[in-house]
Structures are given as C-alpha cells and as structure tokens.
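# Build me a model from this:
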Amino acid sequence: MLAFAAGLAAQSSFFPLKDVRAGMHGTGRTVFTGNKVEEFQVEILGVLDGAGPKQSLILARLSGGPLDHTGVMEGMSGSPIYLDGKLAGAVAMAFPFAKDPIAAIRPIEDMLRPSAVAAARPAGRVALADADLTHIFTKPAPAMAGDARMVDIATPLSFGGFSRGTLEAFAPQLRQLGLEPRQMVSGGGETAPAMGNPADLQPGSMISVLLLAGDYSVGAQGTVTLIEGNRIFAFGHRFLDLGPTALPFARAEVVSVVASNSTSFKLATSKEWMGAIRLDGDTAISGDLGKLPAMVPVSIAVSRAGRAIESYRMQMVGDPLLSPLLLQMAVYSAIDSTERSVGASSMRVSGEIEFQNAPAPLRIQNVFSGDTGAAQQVSLSAAIPLAFVMQSGFDALKLKSVSLAVETFEQKKEWTIDSVSASRREVRPGEAVRLRVSLAGDNGAEVARTVDYQVPAGAQAGPLYFTVSDAATANLNDFRAAITANPRNPGQLISTANNLHANNKAYVRVWRGDAAFQLEGADLPAPPASVALVLEGAQSNVAGITQVRNSKIASMEIDAGDMVISGVKTIQVEVKP
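Numbers count the residues shown, from 1 in each chain. Just a heads-up that it's a prediction; the model follows:
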C-alpha cells in the first residue's frame, strides 16, 4: 500500500491511461551507452484493453537513437514513457522477432496498483525426486494485439565466471522464465563494496539485480521507471514473479548496444550497490534505496583424487526459489570448468548447509558415477535438499551458509546388484539367514558381500522377503510418506533430508506382504486388526498417516566405500512354525 500511496501523492505527475489517445506523441528515457540517460521519441498507436486481469497496455512506436536500427532491445524494460511531460508508464513488452521498434507500455497505474504490492509468493515446492528446479516458477504470460502475440521483453541475465557449458545447459529452462542468459561483460573492476550515491540513479538509469556476487556472479538488468523518495520501481513487468523477496541491486552501465536479427540487447556491467528489491510483482519490481539485504556466503572446493584443484567463494541471495537454482548452477560450473564432460568418472560431494533457527545443519553426502551427466547429478544432489528445506513453509529457517566439497576420480566406480541368494530357503523363528549379494562392475569385475539376519523368536509363519536395492529405490520405499507429508517442525524436516540414503551403499529391506502404515515416516508394521482399522479410517483426517503395500520388518546396509551401487533384487524365504 505504501507504493500505491506514493502514486496517489504524485498523481499530478502521472498521465492517466483514460486520457491516452492514438496519434499522441511523447518521449522515453533510457541508457544507450555508459550511464547517460537519453531521450527517444514515442508515437502512441492505441490502447490494448484486457491485456491481463484488470490490466491494459499502451501500444507505441519508438524512434530515435539506435532504435530504428536495433528495434526494441532487451534491457529497455522499465524505460519510462512521458506524455505532456507526465509519466504514462514503462516499456514492457514487444512482438517476438519484430523488425519495427513497436512496444507495449505498462501504464503507471498498473505498476503502482495495490494488488501488485500485495503479490504473494508463488505456491509450490520442489520434490526430492525432481530433476528441474524451475518448474515451480510461474511462466510469463503473453498478450494478444489482434492476431499477433506480444511477450515481456526478455530480461538479460548476465553470468560472470561461469563456464560456457553451464549457460548452454541451463539456457532452455531460463528462457522459459523470460530470461536471456549471457556471458557478463566486464566494465573494469568488480561491483564496488560501498553503497553508491542515490543521486546517481534517475528514471531511465539501468540497474542490475545481483543474485550472486564473487568468483561467480549473476545479475538481471533492466531500467528504472520511477523514484519516489527512497522507493524505486523498475522493469515494467515481472522479473520472476517471486512476490515478497530481498534481492540486492546495483547501478549498471551500458558497455555496448548489440543489434541482432532476432533480438537486440544492451551489454551492461554492474557498478556500485544501491539498495534492495523487496517485491517482484507481475507488473513491476520495486524496492528501497540505501540498504542492502543480507547475503549468504557460499564456498565450493573441487579436488581430484585428494589433490586440491580449485575453490570458489561467493555471496548468494537467500530466496527460497532462487537460492537452490543458483547453487545448482554454481556447482555445475565448478565441475564443468575443471572436469571433462564425457568419459567415465566418479564424484563425491560432501558438505553442510546451515540455517538460522535450525537444530542441525543440512548434510550433503553422496557419490555418483557414470560416463556422462555427472555434473548434473552432483549439482542436483546439493540443490534439491536445499529446495526441499527452504520451500517447506518454515519462514524462521533462514539460509545462513553453504560449504561444499566435490572430489573427482577419473574412473567409473560403480557396482550393479547382480544377484542375491540365501543360505537357506526355509527357516524357523530364532534361526539366522545369511544373504550373499553379488555385485558386478565393468570389464567383468565381481565382488560379493554377505549380511546375516536373525528371524525373531515368535515370528509368524509364511513368506519373508529380502529386497536388496540402491539408494533411489530404498528412499522411495522408506521415505515415501515423509517426503510428501508436511513436517511438524524444522527439526523433523531437516532430519528427513539428512536421513535420505546415499548411493554408496546397498540397502536390505526385510518385509512381509501384509498391509502396513507409516506415521510421519515411521513404520508401523503389521498392526493388530483393530489398530489397522483405526489407522485406515484416519488417513483422510490425520496428516502423516499413510498406508503402504507391505510391512517392513527390518533393514540393513551393505557399505561399498567410494563405489556407487545400482539395481534391485528380491528373494523369498519361508518361515516355518
């Protein structure tokens, strides 16, 4: 409401949408080079009503400067448009691949309206089995101008220090979010650590919303539309529609304007810090000048067979949706920059992620092996648990620090579960069964492991099953209910993530075919009929109760050291009375 109040207080400085007519002429302001704000000309073509929920767009032809040659450019989003010297709105949308510089202008009323200020954080949560962290982000919606489609002008997303392979790997996902990834261009020196002078920013200036700073950096560039006191409005459209957030931004300078047959763009570089973006709404981003939000220290160390290769240090935003994605890209790049992308290899990732107000850190510990895709697997193994915790709904869990180590080996360290056999096919209560697990590797390599299980005294007669599986199968069996239920507290949430099985072990599950239940992830095997009836009836009313198809009796582990285990085998033993 503060933003809207500021708009009402300055309404005499605004040109109302209801007075906009085709044929009117005005001016716009943006930066074409350095930090100089220049004017360009605007001819109003008409008004598009119903472009969104209670939204309209002003269609305009732009001219002047390089625009006749470049068309509407990425980086112009938010450039203010003035009619009769009053602010009418901001450049926001364009026709894809259009040669003419025709843009849609977001009316200033829509940028300041209360519903934009009250935007909520997108609902959704990454699952532990997900392979794409961006699917929970909302995608930008197009607008129709007759039979033609207009889209938000893509937001340039500049990457500094990242490998080219990282940009290529993540570009398809980022483009679906309305972002255009590019290698960052240095304008000389890093972003100044001290706060800049707010007087250096004016409507038409460029800013960079910095998501990552340090050895790796990521910044999203756009243009300032309005400054009211210490409040700033920019972009003229969503960034990622994050809702309430806390993202630092810096003043930016344009190094060059690049004309392209597809989409022209500004090359910009970040300068001194200026403040914080506090809201990423559907019609604008807005924030405050003069104070930076807290950033999260991140360190990633890469070694090869015990020998240190490289280390990376950076500061990252603490946003539930953005932080996991940024961490994934940083880990991916750390591996892609130092290791081959094709060929047999193995990797071990370990570390801790700390949160404020958490009883314990989130522990990362896993091993991966294969001929391709190791960087993707390792980066996801760090990012998915972070997303699982940060998107849980516990606002008190604030990300504090991330420390990860990646060790690589130039050989494929993997065993496949080839066969499982039992020392006896029939057993009585109180007797032991020895399982022999045969593991097969490359080039005909074989190894066997044994594990003993003693059938409890008083065990009921009937079939007893032994399933020997890899971590993926074991996690699905053991944590199916826990990873989909809403945890009661942060401790339970982090405990669930920390207890997930690692890839360097085989997991033995001893079970019967009887129906069973899980209560908040804990097994309740073969309950009495009366108890089972109560639990079955309570599933729809009591959170955390889940009926499962079989009853787990016991579990054991077979450690494979630095080797990755894959596969699953099940055998049956008959318990005699």
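# how close does the residue nearest to residue 29 when sequence neighbours are not counted get to residue 28?
Using Cβ to Cβ, 6 or more residues apart in numbering and skipping the chain neighbours, the partner closest in space to residue 29 is residue 204 (3.1 Å). (Each C-beta comes from the backbone N, C-alpha and C, glycine too.) For residue 204, the distance to residue 28 equals 8 Å [Cβ to Cβ, to the nearest Å].
# Identify the contacts common to these two.
Listed as contacting both residue 204 and residue 28 by Cβ atoms under 8 Å, 6 or more residues apart in numbering are 79, 80.
# Those two: which is more packed in?
residue 28 (29 against 20; other Cβ atoms under 10 Å).
# Name every strand pairing with whatever helix or strand the more buried one lives in and say which way it goes.
For residue 28, the host element (DSSP states H and E) is strand 25-33. Strand 25-33 has these partner strands in its sheet, going by DSSP bridges: strand 36-52 (antiparallel), strand 80-83 (antiparallel).
# all strands for the stretch 301-450 of the chain, in order.
Remark: strands assigned in the stretch 301-450 of the chain by DSSP state E, counting those that start in this stretch are 307-316, 342-356, 362-372, 398-409, 414-422, 426-427, 432-440, 446-454.
# Point out where the stretch 451-577 of the chain drops to low pLDDT.
Filtered on pLDDT under 70, the stretch 451-577 of the chain yields the residue ranges 480-485, 515-550.
# Please enumerate the strands of it.
Counting by DSSP E, counting those that start in this stretch, the stretch 451-577 of the chain has strands at residues 462-469, 505-512, 516-519, 522-524, 545-548, 551-559, 564-566, 568-575.
# Compare those strands and give me the one nearest residue 383.
strand 564-566 (19.3 Å; Cβ to Cβ).
# Could you list the low-pLDDT ranges of the protein?
The model of the chain has pLDDT under 70 over residues 1-12, 51-54, 114-123, 186-192, 340-343, 480-485, 515-550.
# Show me the domain layout of it.
Taking automatic domain parsing as the reference, the chain has its domains at 2-115, 120-139+149-289, 300-306+313-409, 414-575.
# hang on, residue 78 packs against residue 223?
Yes: with contact defined as Cβ atoms under 8 Å, residue 78 counts as touching residue 223 (3.7 Å).
# Mind listing the shared neighbours of those two?
Shared contacts of residue 78 and residue 223, counting by Cβ under 8 Å, 6+ apart, come down to 90, 91, 234, 235, 236.
# State the pair within these that is farthest apart.
Farthest pair in these, by Cβ to Cβ: 91 and 234, 11.2 Å.
# neighbour count winner among these two?
Set residue 91 next to residue 234 and count neighbours by other Cβ under 10 Å: residue 91 wins out with 33 against 30.
# For the more buried one, which non-adjacent residue is closest in space?
Nearest to residue 91 is residue 79, by Cβ to Cβ, 6+ apart, at 4.3 Å.
# so who does the one you found touch?
Residue 79 neighbours (Cβ under 8 Å, 6+ apart): 28, 29, 30, 90, 91, 204, 223, 225, 236.
# Name the nearest of those residues relative to residue 287.
For those, the nearest to residue 287 is residue 225 (12.2 Å; Cβ to Cβ).
# give me the element the closest one is part of.
strand 217-228.
# Next: residue 207.
Short version: residue 207 belongs to strand 206-214, going by DSSP H and E.
# Identify each buried residue in that strand, please.
In terms of neighbour count (16 or more other Cβ atoms under 10 Å), strand 206-214 has its buried residues at 206, 207, 208, 209, 210, 211, 212, 213, 214.
# so the fifth one sits right up against residue 218, yeah?
Yes: between residue 210 and residue 218 a contact is recorded at 7.3 Å, counting by Cβ under 8 Å.
# Which positions in stretch 557-568 come out as buried?
Buried, per 16+ other Cβ under 10 Å, within stretch 557-568: 558, 560, 563, 564, 565, 566, 567, 568.
# wait, I meant stretch 242-258
242-243, 245-255, 257-258.
# Mind checking which of the residues you listed are in strands?
In this view, those that belong to strands under DSSP state E are 243, 245-255, 257-258.
# Take these and write them to CSV, including distance to residue 299.
Below are those laid out as CSV (distance: Cβ to Cβ, whole Å):
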residue, distance to residue 299
243, 29
245, 24
246, 22
247, 21
248, 19
249, 24
250, 23
251, 28
252, 27
253, 30
254, 33
255, 30
257, 37
258, 35
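# which one of those residues is nearest residue 66?
residue 257 (5.4 Å).
# dump the residue contacts of the closest one.
32, 33, 66, 70, 73, 264, 265, 266, 267.
# what about it, distance to residue 156?
12 Å.
# next one: residue 33
Distance, residue 33 to residue 156, using Cβ to Cβ: 16 Å.
# Among these two, which residue is more densely surrounded?
Neighbour totals were compared for residue 33 and residue 156, and residue 156 leads with 24 against 14 (other Cβ under 10 Å).
# where exactly do the strands run in the stretch 51-200 of the chain?
55-63, 80-83, 86-94, 102-107, 143-145, 148-152, 155-160, 179-183.
# which residues touch the last one?
So that's strand 179-183. 74, 154-160, 162, 164, 167, 170-171, 174-175, 220, 240, 263, 265, 267.
# Just the buried ones among those residues, please.
Buried among these (16+ other Cβ under 10 Å): 74, 154-160, 162, 167, 170, 174, 220, 240, 263, 265, 267.
# that older thread, just the contacts of residue 257: which are in helices?
Among these, the members found in helices (DSSP state H) are residue 70.
# how about the contacts of residue 257 in JSON lines, adding distance to residue 316?
JSON lines is the format used below for the contacts of residue 257 (distance: Cβ to Cβ, whole Å):
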{"residue": "32", "distance to residue 316": "32"}
{"residue": "33", "distance to residue 316": "31"}
{"residue": "66", "distance to residue 316": "35"}
{"residue": "70", "distance to residue 316": "33"}
{"residue": "73", "distance to residue 316": "29"}
{"residue": "264", "distance to residue 316": "31"}
{"residue": "265", "distance to residue 316": "25"}
{"residue": "266", "distance to residue 316": "25"}
{"residue": "267", "distance to residue 316": "24"}
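# wait, which of the contacts of residue 257 is closest to residue 493?
Distances from residue 493 to the contacts of residue 257, taken by Cβ to Cβ, are shortest for residue 265, at 41.4 Å.
# Residue 75 is in contact with the closest one, correct?
Yes: at 5.9 Å, residue 265 counts as touching residue 75 under the criterion of Cβ under 8 Å.
# hey, what's in contact with both of those two?
Shared contacts of residue 265 and residue 75, counting by Cβ under 8 Å, 6+ apart, come down to residue 156.
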